[in-house]
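Trainee: the following block contains a protein sequence and its predicted model.
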Amino acid sequence: MEKELVKFLDTIICSDCVEVLSEFPKNCIDLTLTSPPYDALRDYNDFSFDFKKIASQLYRVTKKGGVVVWVIGDSTINGSETGVSFRQALYFKELGFALHDTMIYQKSGFAYPSTKRYHQIFEYMFIFSKGRPKSFNPIKDKPNKTQYTFSKKRRKKDGSMTHENDTSRIEVSPFGMRTNIWKYTTGRGNSTKDKIAFAHPAIFPEKLCEDHIKSWTNPEEVVLDPLMGSGTTIKVAKLLKRHFIGIDISEEYCKIARERMKLA
Ligand SMILES: C[S@@+](CC[C@H](N)C(=O)[O-])C[C@H]1O[C@@H](n2cnc3c(N)ncnc32)[C@H](O)[C@@H]1O
């Protein structure tokens with residue numbers, strides 16, 4: 001662990017994340033799991049948000065093989081989706097990240113019903129990696145439709161069988177790796193049991209954090225949320241025995257996060 005990082009470990013820092021990240025050594029973070037304030041969709045007390053500077057710092061501090069999960073949706077302005085999500089994704093690529101995967105976070109409900117288009121129920125989860133991800137622990141919870149065993153025997157070109165006397169069979173496990181569309185029941189009482197968290201307008205479901213942290217890191221590694229909000233990422237990181245660093249510019253949200261950490 002880099003000496004200069006130790007003082008930041010397992011802390012919540014109330015400040016502009018660009019300033020804080022610029023004090024980190026380079027190549028020190030295993031996973032960033034975060035969600036930016038997109039398109040001024042919600043009012044985060046009018047704090048400034050300099051996307052390009054944040055993205056550059058994230059590239060600098062991410063370890064080789066480390067991952068950034070950037071959760072974002074687009075708002076619709078004057079009848080058109082802004083496309084900010086895609087522009088940001090391409091900027092991360094320009095910085096040198098690989099766009100490892102474009103995943104979907106599907107919600108159980110929608111905020112703004114529309115009569116002009118289909119109901120909007122998802123956000124993107126862009127998975128950026130600095131080189132190939134060094135850890136991937138896939139979640140295997142997708143039930144396999146048929147659970148069967150099959151013989152190891154195969155017919156060779158000449159018609160005879162391989163493994164002539166082999167009576168053993170290969171078993172198909174009841175669960176396989178899930179797809180890259182992740183569905184969560186969202187909203188009060190579902191995203192988290194912490195009532196205090198709902199004072200923040202845009203919280204992650206805790207399960208989403210659990211699934212990403214388990215997928216891309218191992219215990220003792222460092223999980224960062226530079227736009228921490230109510231602190232969902234860092235709460236779950238702590239529960240999963242990872243080191244965490246949470247940053248938010250709003251004292252109000254840092255207070256919520258500190259309260260939630262007492263429950264972890
Ligand atoms: C979409 S919210 C994050 C919500 C979070 N995922 C959760 O589960 O609660 C984005 C957060 O970024 C914070 N923010 C905006 N600009 C910031 C900056 N420059 N530095 C640090 N935090 C900032 C806002 O205060 C807001 O809480």
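Mentor: Okay, I see it.

Trainee: endpoints of stretch 91-100, how far apart?
Mentor: 14 Å (Cα to Cα, to the nearest Å).

Trainee: ditto for stretch 174-184
Mentor: 22 Å.

Trainee: and the residue of the stretch 151-264 of the chain found nearest the ligand, how many residues sit next to it?
Mentor: Among the residues of the stretch 151-264 of the chain, Gly229 lies closest to the ligand, at 2.5 Å counting by Cβ to the nearest ligand atom. No exception for glycine: its C-beta is placed from N, CA and C like everyone else's. Neighbour count for Gly229, taken as other Cβ atoms under 10 Å: 24.

Trainee: what's the distance between it and Phe175?
Mentor: Taking Cβ to Cβ, to the nearest Å as the measure, Gly229 falls 32 Å from Phe175.

Trainee: list the buried residues in stretch 93-108.
Mentor: Phe97, His100, Met103, Tyr105, Lys107 (16 or more other Cβ atoms under 10 Å).

Trainee: state the distance from the nearest residue to Phe175 once chain neighbours are set aside to the ligand.
Mentor: Take Phe175 and drop its neighbours on the chain: the residue closest to it by Cβ to Cβ, 6 or more residues apart in numbering is Lys140, 4.9 Å away. According to Cβ to the nearest ligand atom, to the nearest Å, Lys140 stands 26 Å off from the ligand.

Trainee: ok, Lys140 - how many residues close by?
Mentor: Lys140, neighbours per other Cβ under 10 Å, totals 12.

Trainee: what sits against Pro25?
Mentor: Residues in contact with Pro25 (Cβ atoms under 8 Å, 6 or more residues apart in numbering) are Glu2, Glu4, Leu5, Val61.

Trainee: tell me which of those residues has the lowest pLDDT.
Mentor: When those are compared by pLDDT, Glu2 scores lowest at 80.

Trainee: got a list of what it touches?
Mentor: Contacts for Glu2 (Cβ under 8 Å, 6+ apart) come out as Pro25, Cys28.

Trainee: looking at the residue lying closest to Arg178 once chain neighbours are set aside now. What's its pLDDT?
Mentor: Using Cβ to Cβ, 6+ apart and skipping the chain neighbours, the partner closest in space to Arg178 is Lys142 (4.5 Å). If you check Lys142, the pLDDT there is 92.

Trainee: likewise for Ser48?
Mentor: pLDDT at Ser48 comes out at 58.

Trainee: what parts of the stretch 151-264 of the chain come near the ligand?
Mentor: Counting by Cβ under 6 Å from any ligand atom, the stretch 151-264 of the chain comes close to the ligand at 200, 202-204, 227, 229-230, 232, 247-250, 253.

Trainee: isn't Arg242 right up against Val223?
Mentor: Yes. Shown here, Arg242 and Val223 form a contact pair, counting by Cβ atoms under 8 Å, at 4.7 Å.

Trainee: let me see the contact set for the nearest residue to Ser215 once chain neighbours are set aside.
Mentor: The spatially closest residue to Ser215, leaving aside those adjacent along the chain, is Asn137, at 5.7 Å (Cβ to Cβ, 6+ apart). Neighbouring residues of Asn137 by Cβ under 8 Å, 6+ apart: Lys214, Ser215, Trp216, Asn218.
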